[in-house]
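Peer 1: I would like the atomic coordinates for the input below:
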Amino acid sequence: MKEYIVEQIDKGKRVDAYISSKNDEISRTTIQRLIDEGNILVNKQKTKASYKVQEKDIIEIMEIKPKEIKLEAQDIPLEVIYEDKDIIVINKPKGLVVHPAVGNPDGTLVNAIMALCKDSLSGIGGEIRPGIVHRLDKDTSGVLIVAKNDFAHINLSEQIKNREVEKTYITLVRGIVKENEATINMPIGRSEKDRKKMAVTKNGKNAITHFKVLKRYKNYTLLEVKIETGRTHQIRVHLSYIGYPIVGDYTYSNGKNDFNVKGQMLHAKTIKFKHPKTGKIIKLEAKLPDYFKDIIYTLDNETT
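Peer 2: Predicted coordinates for the structure are as follows:
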């Protein structure tokens, strides 16, 4: 257990901000979660993250023992792009769920990573998300970072929170996009009509997506996409909202396409970040899936 006694100079600070300023080993997001779970006490009482600390307040952070991971390692082939003692970066295939959930108890990326890394994974993600710093939708392929220890996990999470991680996506959309480049700045939240879906809504969270046309075809457009924010289904929702749904995306369009693709044609091509230990800038690329390359080849030949 860690204990802090608030001094006069810190009076009036939010308790989550106060702890964050005193302990750089725990992210503010983690602090807020610990407060919600009742594992951070002020004067022996549960509190809220918004509580303003007072002089001589006694703040206790309870020692949390990592949950035993009950998942089984499974020998699922993965394409490793980069690996060292702190992180492993893989090219996630289309159709692979990142972590277990209702309907997907196993056969996930987490099961595969457990087999690959053995005991070398961070525990911050919780019992069913060891090492998972960020995620990709089941049918979104591409580059994904996994943390092998808690230090790397915290550092990478902070980089993502501070928008220091740059990700570039490639996608094929239905329709011919007129603008060569554009930015979509529209809030995204839970759909009021279908709670399983996300939607552009005035009460949603800020969401910013930039796209650039790579090539136009007869009925489709190949785009490069970058996002400033990381809302759930952000790229899929934004592009569908402006009239250019991603090919194969049944959730945010009718999914009809000339290639019988099921699941969105969205690929996380590159990622750029600072190595959590060395601070060195790392930029990695995940090659396009074969099916994606075959469709682009077909479209290219139709225009010649």
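Peer 1: tell me which helix or strand in this protein has the weakest average pLDDT.
Peer 2: In the chain, no helix or strand scores lower on mean pLDDT, DSSP states H and E than helix 109-117, which sits at a mean of 83.
Peer 1: what sits up against that one?
Peer 2: Among residues not part of helix 109-117, those counted as contacts by CB atoms under 8 Å, 6 or more residues apart in numbering are 69, 71-78, 80, 88, 90, 92, 96-100, 121, 128-132, 144, 146, 148. Quick note: C-beta positions are derived from backbone N, CA and C, even for glycine.
Peer 1: flag every buried residue along it.
Peer 2: Using 16 or more other CB atoms under 10 Å as the test for burial, helix 109-117 gives Leu109, Val110, Asn111, Ala112, Ile113, Met114, Leu116, Cys117.
Peer 1: now swap in stretch 203-211 and tell me
Peer 2: Neighbour counts over stretch 203-211 (16+ other CB under 10 Å) mark Gly204, Ala207, Ile208, Thr209, Phe211 as buried.
Peer 1: that stretch: end-to-end distance?
Peer 2: 24 Å (CA to CA, to the nearest Å).
Peer 1: hmm, who's touching that stretch?
Peer 2: Residues from elsewhere that reach stretch 203-211, judged by CB under 8 Å, 6+ apart: 177, 181-190, 223-229, 231, 234-235, 237-239.
Peer 1: looking at those, which are in helices?
Peer 2: Mapping these onto helices (DSSP state H) picks out Gln234, Ile235, Val237, His238, Leu239.
Peer 1: how close does the fourth one sit to Val177?
Peer 2: So that's His238. Separation of His238 from Val177 (CB to CB, to the nearest Å): 13 Å.
Peer 1: between those two, which one's more packed in?
Peer 2: The residue with more neighbours, out of His238 and Val177, is His238; 25 against 20, by other CB atoms under 10 Å.
Peer 1: Asn39: how many residues sit nearby?
Peer 2: Applying other CB under 10 Å, we find 16 residues neighbouring Asn39.
Peer 1: surely it meets Ile61?
Peer 2: Yes. Between Asn39 and Ile61 a contact is recorded at 7.1 Å, counting by CB atoms under 8 Å.
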